[in-house]
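J.: Sharing a sequence plus its predicted fold:
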Amino acid sequence: MRHFTRSIVWSGFVLASTAPFSSAAPFYADPPDETHPWAIHDDNRPQPARVEPGTFSSQEKPGQPPSDAIVLFDGTAASLKNWASDKAPDQPTKWVVVDGSFQCVPGSGYTRTRQEWGDCQLHVEWSAPAKVEGSSQGRGNSGIFPMGKVEVQVLDNYNNPTYADGFAGSVYGVNPPMANPLQAPGAWQVYDIVFRRPVFKDGTMLDSGSLTVFVNGVLVQDHTPLEGGGGHMRRSSNKAFPDKGPLQLQDHGNPVRYRNIWYRPLPARAIEGGDVSHMSPEATRAKRESLAASLRADAAKQQGTMKMLKLMESLVYAPDAATLAGTTQMSAAFFASVKDLSTEKLEAQKDEIRKVWSALRYCSTKKILAAALPEEAALADLIEKAGWNEKKK
Ligand code: MG
């Protein structure tokens, strides 16, 4: 970032004494296009939100969730307020807190969260009874149902085979896990899940929805399509989900325990109009117009070269005849203001002149302007004569 620390006043151009010229935005790398509202390496693109990371769990102690996580069970009885009976959502959960864990009471029915949400990163830890009883689907069976719609299987599969699409870490009835990284029963198993709900528009499926699952840090589902959510014995087919739903935990007749349950809502995908990655042409156009409008509003508060550069910057995002006319006029006035300066005065404006020339050159080479403005060549000539061209060694 280059800072001008002097005040310059001449022929209508006033440069604020401490205003920085941005070094990268946006006259730097490939400009916005039909599906990318920002330039490459664009300083106008919002900074990522700060999140304080959590800590990893040990067998003895659950880890700390990240700072923006919504905690559903933290080991205390107070956490029970987040949970309800699934059969009667206005009733408290019948599951109980035992030694800092949230334990299924067999026969009490599924439990569900009082909160409802959609796409999320979900962290859940569970432990099957240390005393091994039953086999196949009858041993340490429970389940995690994002939105109550699709089961990520919880099952004690440590030395306990069962049908593959019903294994721990399966999308139940849809896809087996890619591996079985379970620890022995009684140990805490850690699930990290990324859930994306299906997206439909006007009856057409834009995204089937997906589950990505890590079991004890091992990837077992990689963006697995939901196929409508799957289920027991019957194949399901793609269908829309509501916008939000509760998280359910399954009562399958085994006293499975849970701890350290939290989630982080995820931002909308591009197909839903989210500001991420590769966007639809409509959303890109709207974003580019809004970025341009914001830069023009900024320009209105600036004067001189800063104003001209802000207006030129706005043209990188969206064309506008009045802005182009204003920029063209200011560019001519800028050149007129510097062309006859003494060597000494010229030297004092070296950085600024080079910045304006570089912005003009960017706009012509990247086709922001239909044709190069005459000042581009004129400033190039001035820079050449002043001997400011950096020679490559
Ligand atoms: Mg289950």
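T.: Yep, that arrived.
J.: give the contact list for the closest residue to residue 83 other than its chain neighbours.
T.: Among residues not flanking residue 83 along the chain, residue 93 sits closest, at 4.0 Å (Cβ to Cβ, 6 or more residues apart in numbering). Heads up, the C-betas are built off the backbone N, CA and C, glycines and all. Neighbouring residues of residue 93 by Cβ atoms under 8 Å, 6 or more residues apart in numbering: 80, 83, 84, 85, 111.
J.: One more pass at 6 Å, please.
T.: 83, 84, 85, 111 (Cβ atoms under 6 Å, 6 or more residues apart in numbering).
J.: What pLDDT is listed against residue 360?
T.: Listed pLDDT for residue 360 reads 96.
J.: Helix, strand, or coil at the nearest residue to residue 245 once chain neighbours are set aside?
T.: Distances taken as Cβ to Cβ, 6+ apart place residue 147 nearest to residue 245, at 3.3 Å, with adjacent residues excluded. Assigned with DSSP: H, G, I helix; E, B strand; the rest coil, residue 147 falls in the helix class.
J.: Okay, residue 147 and residue 95: tell me how far apart.
T.: Here the criterion is Cβ to Cβ, to the nearest Å. By it, residue 147 lies 19 Å from residue 95.
J.: downstream neighbour of the helix or strand containing residue 362 in the secondary structure list?
T.: In this structure, residue 362 sits in helix 350-365 according to DSSP states H and E. Past helix 350-365, heading to the C-terminal end, the next element that is a helix or strand (DSSP H and E) is helix 374-386.
J.: what comes up buried for that next one?
T.: Judged by neighbour count using 16 or more other Cβ atoms under 10 Å, the buried positions of helix 374-386 are 375, 376, 378, 379, 382, 383.
J.: What of stretch 47-64?
T.: Neighbour-count burial for stretch 47-64 flags 54, 57, 62, 64 (criterion: 16+ other Cβ under 10 Å).
J.: Now stretch 137-145 - C-alpha only, PDB.
T.: Presented in PDB, the C-alpha positions along stretch 137-145 are these (Å, rounded to 0.1, in the frame of the first residue of the first chain):
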ATOM      1  CA  GLN A 137     -27.700 -53.100  13.800                       C
ATOM      2  CA  GLY A 138     -28.600 -54.100  17.400                       C
ATOM      3  CA  ARG A 139     -25.300 -52.900  18.900                       C
ATOM      4  CA  GLY A 140     -24.900 -49.300  20.000                       C
ATOM      5  CA  ASN A 141     -27.300 -48.000  17.400                       C
ATOM      6  CA  SER A 142     -28.400 -44.300  17.300                       C
ATOM      7  CA  GLY A 143     -28.300 -41.800  14.600                       C
ATOM      8  CA  ILE A 144     -27.800 -38.100  13.700                       C
ATOM      9  CA  PHE A 145     -30.500 -36.600  11.500                       C
END
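J.: Okay, and the beta partners of the closest residue to the ion within the stretch 1-150 of the chain?
T.: Closest to the ion within the stretch 1-150 of the chain is residue 143: 3.3 Å, counting by Cβ to the ion. Going by DSSP bridges, residue 143 is paired in beta bridges with residue 153.
J.: residues contacting it?
T.: 151, 153, 154, 250.
J.: Residue 346 versus that one, what's the distance?
T.: Counting by Cβ to Cβ - residue 143 and residue 346 are separated by 74 Å.
J.: Also residue 106?
T.: For residue 106, the distance to residue 346 - Cβ to Cβ - is 86 Å.
J.: which residues does the closest residue to residue 66 other than its chain neighbours contact?
T.: Excluding the flanking residues, the one nearest residue 66 by Cβ to Cβ, 6+ apart is residue 54, at 4.4 Å. For residue 54, the contact set (Cβ under 6 Å, 6+ apart) comprises 63, 64, 65, 66.
J.: Equivalent analysis for residue 45, please.
T.: Per Cβ under 6 Å, 6+ apart, neighbours of residue 45: residue 38.
J.: helix, strand or coil for it?
T.: Classified using three-state DSSP, residue 45 is coil.
J.: So which residues of this structure form helices?
T.: Here the chain has its helices, by DSSP state H, at 281-300, 304-317, 321-338, 343-348, 350-365, 374-386.
J.: Deepest in the core, which of these is it.
T.: Most buried of those, by mean neighbour count (mean count of other Cβ atoms under 10 Å): helix 304-317, with a mean of 24.
J.: For it, name the packing helices and strands.
T.: Under the contact definition 3 or more Cβ pairs under 6 Å, 6 or more residues apart in numbering; DSSP states H and E, helix 304-317 sits against strand 13-15, helix 281-300, helix 321-338, helix 350-365.
J.: Next, the closest residue to residue 75 other than its chain neighbours: phi, psi?
T.: Leaving aside its sequence neighbours, residue 75 sits nearest to residue 100 (Cβ to Cβ, 6+ apart; 3.8 Å). Here is the backbone geometry of residue 100 (degrees, to the nearest 10): phi 80, psi 10.
J.: pretty sure residue 100 contacts residue 77?
T.: No: in this structure, residue 100 is not within contact of residue 77 by Cβ atoms under 6 Å, at 9.7 Å.
J.: more crowded one of the two?
T.: Neighbours per residue (other Cβ atoms under 10 Å) separate residue 100 from residue 77, with residue 100 holding more: 16 against 10.
J.: Now do the contacts for residue 66.
T.: Neighbouring residues of residue 66 by Cβ under 6 Å, 6+ apart: 51, 53, 54.
J.: Before I go, just wanted to say thanks for your time.
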